[in-house]
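Participant: just a sequence and a predicted model for now, questions to come.
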Amino acid sequence: MNDVNQVPQFTNLGEVARQTSLGKSTVLAWEAQGKFPRAIRLSPTKRVWLQSDIANWMLEKCKHS
């Protein structure tokens with residue numbers, strides 16, 4: 001039986017911005033600069049992030065503050 005906590009969860013740009021308290025344009029710019037986790041392209045116009053990547057990025061920021 002699969003553990004529900006192990007199922008990857010996708011998070012859209014608006015939710016990523018809300019969770020991180022960053023603007024959408026900052027998330028996209030930092031992703032392009034390699035300062036933020038890479039998005040997964042579901043289609044040419046839809047990008048999402050793995051929730052675990054966002055959570056890990058936030059934890060790393062807490063360690064370095």
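Facilitator: Cool, got the structure.
Participant: if I look at the nearest residue in space to residue 14 that is not next to it in sequence, how far off is residue 37?
Facilitator: Spatial nearest neighbour of residue 14, excluding adjacent residues (C-beta to C-beta, 6 or more residues apart in numbering): residue 24 at 7.0 Å. Every residue, glycine included, has its C-beta placed from N, CA and C. Using C-beta to C-beta, to the nearest Å, residue 24 is found at 15 Å from residue 37.
Participant: only the C-alpha atoms, please, for the longest helix seen in the chain, written as PDB.
Facilitator: Using DSSP state H to define each element, the chain has its longest helix at helix 51-63. Taking Å, rounded to 0.1, in the frame of the first residue of the first chain, the C-alpha atoms of helix 51-63 are listed here in PDB:
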ATOM      1  CA  GLN A  51       6.000  20.800  -2.700                       C
ATOM      2  CA  SER A  52       8.900  18.900  -1.200                       C
ATOM      3  CA  ASP A  53      11.400  21.100  -3.200                       C
ATOM      4  CA  ILE A  54       9.700  24.300  -1.900                       C
ATOM      5  CA  ALA A  55       9.700  23.000   1.700                       C
ATOM      6  CA  ASN A  56      13.400  22.000   1.500                       C
ATOM      7  CA  TRP A  57      14.300  25.400   0.100                       C
ATOM      8  CA  MET A  58      12.500  27.200   2.900                       C
ATOM      9  CA  LEU A  59      14.200  25.000   5.500                       C
ATOM     10  CA  GLU A  60      17.600  25.800   4.000                       C
ATOM     11  CA  LYS A  61      16.800  29.500   4.200                       C
ATOM     12  CA  CYS A  62      15.900  29.100   7.900                       C
ATOM     13  CA  LYS A  63      19.300  27.500   8.600                       C
END
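Participant: enumerate the positions of that helix that are buried.
Facilitator: Residues of helix 51-63 classed as buried by neighbour count (16 or more other C-beta atoms under 10 Å): 53-54, 57.
Participant: do the same with stretch 39-53
Facilitator: 39, 47-50, 53.
Participant: pLDDT below threshold where in this protein?
Facilitator: Along the chain, the model assigns pLDDT under 70 to residues 1-5.
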